[in-house]
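J.: Whatever this is, show me its structure:
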Amino acid sequence: MATTLGLTLPDRATAPFCPSEVEGSVAIPAGTPLSARIARFVGPGLLVAVGYMDPGNWATDIAAGSGYGFDLLFVVVAASLAAILLQSLALRLGMASGLDLAQACRRRYGRVPNLALWAMAEIAILATDVAEVLGGALAIKLLLGIPLWAGILLTAFDMLLVVGLKGRGFRQVEAIVAGLVATIALCFLIELIIVPPDPHAVAVGLIPDLGRLGQPGALAVAIGIIGATVMPHNLYLHSSIVQTRDVPDEPRAKRAAIRLANWDSGLSLLLAMLVNAAILALAAGAFHATGHGQVAEIDDAYRLLSPITGAKAAALFFGIALFASGQSSTFTGTIAGQVVLEGFLHLKIPCWQRRVITRTLAIIPALIGVAMFGDHGVGPMLVLSQIILSLQLPFAIWPLIRAAGDGEIMGDFAAGRLARSTAWLLFAIISAANLWLLVSLFA
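T.: Presented below is the predicted three-dimensional model:
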């Protein structure tokens, strides 16, 4: 058994790829040149970034771009900057204290609050995986022409990837995720070459203007963008996976490590922001500018792209990017699930078992939804998954801010007053938006 700051943790194994089982998998000895240290720190940020470009983001970005052009582009940027701040607090917690967010909660709170936080984290992970199943299945349907229900069942085979990686190092997982991110980014770069955005409209859309939220339905779409961008399970995930870097246990090395981890996280999330902005820009240029302002479904966007742009490749690359996006939870959902299970309950199961459980639980509601509502139920189900994530988010932000600012846990590395104050402001905004959303849904 290992003891960290008075907390007894499970023993670490070396077989599967979950971060808690490969502690110190990337050694960074003292005296390592800066270029080598940067290269060894790259990875955790990309694992977090894939959660910010999943099919749930696609649904909200397409709705925003087709319905409002570039008017809500500033919301995408603001949500992404908020995510960078929150992820910075999460990685600081992990690297400075040796605790992930779930472990910190277990230390700070009693049994009942911990069980409640664990349950909400699991719901967020499941909602994310449902969105990934629907997105991956939709991509399979669009690219191969098979029924959506069959595509949902085929998404189960991504569990074989997890089983196949048993015994591999965490860096291999990071390399695969980097490949997925690169695929998505390249596809949308090609899309923007096919449908170049209006530079003036982009510049205007980047200027914050709350008046634009007064357009009919714009505020609801903006809340959807926030809920789809800042994902609660990523806060648990990031605080754990940064600990796969074996940093010397002395203040100067830790401070440098936190700085490098922030660069990794910030640049990765900026890339995710550019992808989301590209999706919105594609929808604005291809649909809003041509009078197709009601395109809100991913499959409708796929079918209309080629006729509107006159380029068959537009739909093809759109489908490939969607498939890559749908596969992102293969790793991040599994790892996040392990983190919350071990941290809150001290319950440890192999990664492949966790993946089987999570994916099975995600496939069931996806199949039920398609059976009840047909293929056009994918859009509403994606929106519902993002609403669930948005509702869970404050219950991850609250303990994160409290833990990151706790001098007993963090020592000299406790988050500063400015970072904590800004994070509390974000907490208040997101909570108020959730309340507005609930009132509007049940009014």
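
J.: and the longest helix for this structure?
T.: Secondary structure of the chain per DSSP state H: the longest helix is helix 251-286.

J.: Dump whatever helix or strand comes next after it to PDB, restricted to CA.
T.: Sequence order places helix 298-309 as the next helix or strand after helix 251-286, per DSSP states H and E. Taking Å, rounded to 0.1, in the frame of the first residue of the first chain, the C-alpha atoms of helix 298-309 are listed here in PDB:
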ATOM      1  CA  ILE A 298     -25.500  16.000 -37.800                       C
ATOM      2  CA  ASP A 299     -26.800  13.700 -40.400                       C
ATOM      3  CA  ASP A 300     -28.700  16.600 -42.200                       C
ATOM      4  CA  ALA A 301     -25.400  18.500 -42.200                       C
ATOM      5  CA  TYR A 302     -23.600  15.500 -43.800                       C
ATOM      6  CA  ARG A 303     -26.200  15.100 -46.500                       C
ATOM      7  CA  LEU A 304     -26.400  18.800 -47.400                       C
ATOM      8  CA  LEU A 305     -22.600  19.500 -47.500                       C
ATOM      9  CA  SER A 306     -21.800  18.000 -50.900                       C
ATOM     10  CA  PRO A 307     -24.800  19.400 -52.800                       C
ATOM     11  CA  ILE A 308     -24.300  22.900 -51.300                       C
ATOM     12  CA  THR A 309     -20.500  23.000 -51.600                       C
END
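
J.: quick one: whichever strand or helix holds residue 338 to chain centroid distance?
T.: Element membership of residue 338 [criterion: DSSP H and E] is helix 329-345. Centre-to-centre, helix 329-345 and its host chain are 13 Å apart (C-alpha atoms, centre = their mean, to the nearest Å).

J.: Quick one: list the elements packing against the helix or strand just after it.
T.: Later in the chain than helix 329-345, the nearest helix or strand by DSSP H and E is helix 351-373. Judged by 3 or more C-beta pairs under 8 Å, 6 or more residues apart in numbering; DSSP states H and E, helix 351-373 is in contact with helix 111-144, helix 148-154, helix 159-164, helix 329-345, helix 378-392. (Glycine included, C-beta is placed from N, CA and C.)

J.: For residue 360, which of those helices is the nearest?
T.: Checking the helices and strands packed on helix 351-373 against residue 360 by C-beta to C-beta gives helix 159-164 as the closest, at 8.8 Å.

J.: circling back: mind putting the helices and strands packed on helix 351-373 in JSON lines, distance to residue 239 and mean neighbour count included?
T.: Formatted as JSON lines, the helices and strands packed on helix 351-373 follow (distance: least, C-beta to C-beta, whole Å; neighbours: other C-beta atoms under 10 Å):
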{"stretch": "helix 111-144", "distance to residue 239": "12", "mean neighbour count": "22"}
{"stretch": "helix 148-154", "distance to residue 239": "32", "mean neighbour count": "18"}
{"stretch": "helix 159-164", "distance to residue 239": "22", "mean neighbour count": "16"}
{"stretch": "helix 329-345", "distance to residue 239": "8", "mean neighbour count": "26"}
{"stretch": "helix 378-392", "distance to residue 239": "16", "mean neighbour count": "23"}
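
J.: weakest of these in terms of mean pLDDT?
T.: Mean pLDDT values for the helices and strands packed on helix 351-373 show the minimum at helix 159-164, a mean of 59.

J.: which element follows it toward the C-terminus?
T.: helix 170-194.

J.: nearest residue to residue 117 other than its sequence neighbours?
T.: Excluding the flanking residues, the one nearest residue 117 by C-beta to C-beta, 6 or more residues apart in numbering is residue 105, at 5.5 Å.

J.: now the one you found, what's its secondary structure?
T.: helix (DSSP: H, G, I helix; E, B strand; the rest coil).

J.: okay, now it: neighbour count?
T.: Look at residue 105: counted by other C-beta atoms under 10 Å, it has 25 neighbours.

J.: contacting residues around it?
T.: Residues in contact with residue 105 (C-beta atoms under 8 Å, 6 or more residues apart in numbering) are 113-114, 117, 343-344, 399, 403.

J.: Return the list of helices and strands in contact with the longest helix of the chain.
T.: If you count contacts as 3+ C-beta pairs under 8 Å, 6+ apart, helix 251-286 packs onto helix 34-41, helix 44-49, helix 55-68, helix 73-97, helix 170-194, helix 298-309.

J.: To residue 145, which of these lies closest?
T.: helix 298-309 (12.0 Å).

J.: Just give me how far the closest one sits from the chain centre.
T.: Per C-alpha atoms, centre = their mean, the centroid offset for helix 298-309 relative to its chain is 26 Å.

J.: Can you pull out the residues in contact with it?
T.: Contacting residues not belonging to helix 298-309 are listed as 55, 58-59, 62, 66, 135, 138, 141-142, 194-195, 283, 286-287, 290, 292, 295, 312, 314-315, 318-319, 322, 375, 378-379, 382 [C-beta under 8 Å, 6+ apart].

J.: how about 7 Å then?
T.: Counting by C-beta atoms under 7 Å, 6 or more residues apart in numbering, helix 298-309 makes contact with 55, 58-59, 62, 138, 142, 194-195, 283, 286-287, 290, 292, 295, 312, 314-315, 318-319, 322, all of which sit outside it.

J.: again, but for stretch 407-420
T.: For stretch 407-420, the external contacting residues (C-beta under 7 Å, 6+ apart) are 5, 85, 89, 92, 96-97, 99, 104, 251, 254, 401, 403-406.

J.: which among those gets closest to residue 429?
T.: residue 85 (12.3 Å).

J.: residues contacting that closest one?
T.: For residue 85, the contacting residues are 419, 422-423, by C-beta under 7 Å, 6+ apart.

J.: Try it again at 10 Å.
T.: Each residue near residue 85 by C-beta atoms under 10 Å, 6 or more residues apart in numbering is listed here: 230, 266, 269, 415, 419, 422-423, 426.

J.: Thanks again, I'm all set now.
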